[in-house]
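S.K.: Predicted model and sequence follow; I will ask about them next.
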Amino acid sequence: MTVDQQHPGVPHNPEPDKPWHTPGPWRYEDHDPDPSDRCATRCEVFAGSNENPFRVCLIEDTTHDHDPQIPDIRVLAAKRDLANARLIAAAPDLFAALRQVEWGVTVSDEGGAELEICPWCGNPQDNGHLEGCALADAIAKAIGGAK
């Protein structure tokens, strides 16, 4: 069941062309787990100031019973979860960069008119992205237009 199905009365993003996420920058923190804890890792991603942080997400690896006698499993899980936290924390900056370069290449057509084109699919802004343009697909995923 989707969030929309679970909460039909909650409005959608009023401006679907724009992001509705918590503004960046985001930062991550990793925490050394208690060796007796079932959780191998715990990473958090925060937005806002250090004085008034807002937790964007929490990453905990609790999918397996981690045997403290096999530390490599815990170390691998911790490294993977920290890499995920770093990527999540970079999301607002990556999204802003995608939007900035989306139509960031200027070329001249045969008549000398300047066209802004997508650097990925090469299509002019007036025509929109070509089907399957990875840059357009990534932006659509970020604003809720694709999964």
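M.R.: Received the coordinates, thanks.

S.K.: ok now do Glu116, which residues does it touch?
M.R.: Counting by CB atoms under 8 Å, 6 or more residues apart in numbering, Glu116 touches Trp103, Gly104, Val105, Thr106, Pro124, Gln125. Where C-beta positions appear, they are placed from N, C-alpha and C, glycine not excepted.

S.K.: ok, and the closest non-adjacent residue to the second one?
M.R.: Just to be clear, that refers to Gly104. Distances taken as CB to CB, 6 or more residues apart in numbering place Pro119 nearest to Gly104, at 6.2 Å, with adjacent residues excluded.

S.K.: Shouldn't that neighbour be within a helix?
M.R.: No. Counting by DSSP: H, G, I helix; E, B strand; the rest coil, Pro119 is located in no helix; its state is coil.

S.K.: Next, the contact list for it, please.
M.R.: Per CB under 8 Å, 6+ apart, neighbours of Pro119: Val101, Gly104, Val105, Leu135.

S.K.: gap between the second one and Thr22?
M.R.: Translated: Gly104. Going from Gly104 to Thr22 by CB to CB, to the nearest Å gives 25 Å.

S.K.: just to revisit the earlier point, out of the contacts of Pro119, which end up buried?
M.R.: For these, a burial check counting by 16 or more other CB atoms under 10 Å picks out Leu135.

S.K.: which two from the contacts of Pro119 end up farthest apart in space?
M.R.: Greatest spatial distance in the contacts of Pro119: Val105 and Leu135, 11.2 Å, computed using CB to CB.

S.K.: Now the common contact residues for those two.
M.R.: With CB under 8 Å, 6+ apart, Val105 and Leu135 have common neighbours Cys118, Pro119.

S.K.: Val105 contacts Glu114, doesn't it?
M.R.: No. The criterion here is CB atoms under 8 Å, and Val105 misses it with Glu114 at 10.6 Å.

S.K.: what about Ala96, which SS state?
M.R.: On the three-state scheme (three-state DSSP), Ala96 is labelled helix.
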